[in-house]
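K.L.:
Please find the sequence and the predicted model below.
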Protein chains: 2
Amino acid sequence: MIEVHRIVETRLKGVGQRYTPKRRALVEALRRTEKPVPIPDLADGRRGLPQSSVYRNLAVLEQVGIVHRVVTGEEFARYELAEDLTKHHHHLVCKTCGKVEDVTVPVGLERSMARTVSAVAGRAGFSGVSHQLDLIGTCRSCGQNDK
Amino acid sequence: MIEVHRIVETRLKGVGQRYTPKRRALVEALRRTEKPVPIPDLADGRRGLPQSSVYRNLAVLEQVGIVHRVVTGEEFARYELAEDLTKHHHHLVCKTCGKVEDVTVPVGLERSMARTVSAVAGRAGFSGVSHQLDLIGTCRSCGQNDK
DNA sequence: CTTCCTGCAAAAGTTTTGCATTAAC
DNA sequence: GTTAATGCAAAACTTTTGCAGGAAG
């Protein structure tokens, strides 16, 4: 998946930014994990990236559409690679422990959602509308602890 | 819709809490507005509720399932009445100005989503799963400003 | 009269910013 | 050489908490 890095580099250069080793490390970390990563996990890691660099670099990468900020209501925000670089997917969120997993749904449902979403949004005067479906429930281990 | 207040009162009493005038004012404010309300709008308003009271009361009301916290990635969180007291709906969010509107989608799509969601979630070991569909785009006025 | 609510001020916690230094082009 | 990235520390900002006084049951 060198592909990904080439794309990132191109996007950054397009706005006069550099694809430094630190930024590459961030992208690598996000690419490895199949779920949105909380910010402290990107900072404290063995890479020893200082917080300010993590926040600043994620902001830059978000501006060029490489990463996507996922807000879940937890203490920290999470980041994932943007769907340009991955696949369209949704999130399965545990309302108790905050765990987030990526999931996909059947294409039939995706098509229905896309169709309906653009109709509904158009009626309300919105344009360029995408959708985001989150599934919120209790994960197996939190469910067991409750009993 | 005195109904609503009776329900709130019952829920609060159930956990040894009181339905005070301040709390009633909060519920009223949320009931009047057909969209999630940012916290400062509940605080600075003519009611002059101090921030700490707003935050504490919303937390209590959330615990008894009367209100629902909506996190959008904006500076402030928003709150709305929980779906027990309103209707199942979704949010249309402007990615530029942050504006949020309530929308509903056809029941056919709701049914498809509910069915798929529980299947997908069950496979992942999650239980008690509900869904949340957000439509994210650009509202009319932000779209005009861009040109 | 006991328990909960209120409001102010202070604390906590996440995210942003200033500034001097270092690295990239 | 010029422009951008880094890292530290401090600031900004939202949200939470402690505590004393007041209201509710």
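P.N.:
Perfect, I can see it now.
K.L.:
Every contact and neighbour count from this point should use C-alpha atoms.
P.N.:
Fine.
K.L.:
Would you state the strands of chain A in chain order?
P.N.:
Using DSSP state E, the strands assigned to chain A run over residues A:37-38, A:67-70, A:78-81, A:90-94, A:100-103, A:127-138.
K.L.:
can you redo those as JSON lines with distance to residue A:109, mean pLDDT and mean neighbour count?
P.N.:
Listed next are those as JSON lines, based on distance: least, CA to CA, whole Å; pLDDT from 0 to 100; neighbours: other CA atoms under 10 Å in any protein chain shown:
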{"stretch": "strand A:37-38", "distance to residue A:109": "27", "mean pLDDT": "96", "mean neighbour count": "20"}
{"stretch": "strand A:67-70", "distance to residue A:109": "22", "mean pLDDT": "97", "mean neighbour count": "19"}
{"stretch": "strand A:78-81", "distance to residue A:109": "23", "mean pLDDT": "98", "mean neighbour count": "22"}
{"stretch": "strand A:90-94", "distance to residue A:109": "12", "mean pLDDT": "97", "mean neighbour count": "22"}
{"stretch": "strand A:100-103", "distance to residue A:109": "13", "mean pLDDT": "96", "mean neighbour count": "18"}
{"stretch": "strand A:127-138", "distance to residue A:109": "11", "mean pLDDT": "96", "mean neighbour count": "20"}
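K.L.:
Dump those into a markdown table; add distance to residue A:54 as well.
P.N.:
Formatted as a markdown table, these follow (distance: least, CA to CA, whole Å):
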| stretch | distance to residue A:54 |
| --- | --- |
| strand A:37-38 | 11 |
| strand A:67-70 | 12 |
| strand A:78-81 | 11 |
| strand A:90-94 | 23 |
| strand A:100-103 | 21 |
| strand A:127-138 | 25 |
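K.L.:
Could you point out which of those strands sits nearest DNA strand D?
P.N.:
Nearest to DNA strand D, of all the strands of chain A, is strand A:67-70, at 15.0 Å by CA to the nearest atom of the strand.
K.L.:
partners of that closest one in the sheet?
P.N.:
Here strand A:67-70 is paired, per DSSP bridges, with strand A:78-81 (antiparallel).
K.L.:
Could you show which parts of chain A are in contact with chain B?
P.N.:
A:71-73, A:92, A:94, A:103, A:105, A:109, A:112-113, A:116-117, A:120-121, A:125-140, A:143 (CA under 8 Å from any CA of the partner chain).
K.L.:
coming back round to it: of the strands of chain A, which is nearest residue B:27?
P.N.:
With CA to CA as the criterion, residue B:27 lies closest to strand A:127-138 of the strands of chain A, at 24.6 Å.
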